[in-house]
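S.K.: Following is a predicted model, sequence given first.
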Amino acid sequence: MANTLSAIEALERLRQGNLRFANNLTSLDKVMTHQQRADLAAGQEPFAIVLGCSDSRAPAEILFDQGLGDLFVIRVAGNVVAPSQIGSVEFSVSRYHTRLVVVLGHSHCGAVTATIETLLDGENTESRNIASIVERVKPSVKPLLETELRHDRDALRRAAVRANVRASANQLRHGSRIIESLIDQDGLLVIGAEYALETGLVDFFDGAPTTDA
């Protein structure tokens, strides 16, 4: 089985699903029947890949109002990119012909906050595994500390969330020959987005094509 939606079509489907979620609407298409479950047991054709944060407040299937089999979701604290995440994306774009990848950050990200606290306050975790996540976020945050944002923690955190999303999206775009080739030759899009916990809305702010006519 292989997905047949283009990246643009898949993006519009995510936009519409997020609007339903933000407006407290539920799509009847997501009601799963026994036959649909049986069909999915035989194979899948996810129309989008979402590399998102593990935060319990940001489940991709719910905030995009999608059902079983619709999204290929990779979740890791801080939506950071490591070889296993790149390999997971490569698997879906190659096996299922999925042509949209969304790196999804969110407001009030704990991993970003922990990184800021490490850099500004010297707070360090005793866990080397958590530290490895912080180390992957640091390169996005450090340049912001050279600006006036250093004096405004809330503004710094907001900017850092987006900077971290951009960095992860760029790592995917340029960290894999498979992904690079599909971007150049087969319509693959890698887009950065932020989910606002306060409003329920997702802003596709990095790499998304304009919707102007």
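M.R.: Alright, I've got the coordinates. From a predicted model like this one, the values you see are computed outputs, not experimental measurements.
S.K.: hey, let's count contacts and neighbours off CA atoms from now on
M.R.: Will do.
S.K.: who does the longest helix seen in the chain touch, helix- and strand-wise?
M.R.: If you go by DSSP state H, the chain has its longest helix at helix 153-174. Here helix 153-174 touches strand 100-106, helix 110-121, helix 128-141, helix 177-185, strand 189-195, going by 3 or more CA pairs under 8 Å, 6 or more residues apart in numbering; DSSP states H and E.
S.K.: tell me which residues of the longest one are tucked away?
M.R.: Looking back up the chat, that one is helix 128-141. Neighbour-count burial for helix 128-141, counted by 16 or more other CA atoms under 10 Å, picks out 131, 133, 134, 136, 137, 138, 140, 141.
S.K.: Tell me the helix or strand right after the helix or strand of the chain with the lowest mean pLDDT.
M.R.: Across the helices and strands of the chain, mean confidence by mean pLDDT, DSSP states H and E is lowest for helix 34-42: a mean of 82. Using DSSP states H and E, the helix or strand that follows helix 34-42 towards the C-terminus is strand 48-52.
S.K.: what about the protein, any weak spots by pLDDT?
M.R.: 1, 28-34, 211-213 (pLDDT under 70).
S.K.: same thing but 50
M.R.: Applying pLDDT under 50 to the chain flags residues 213.
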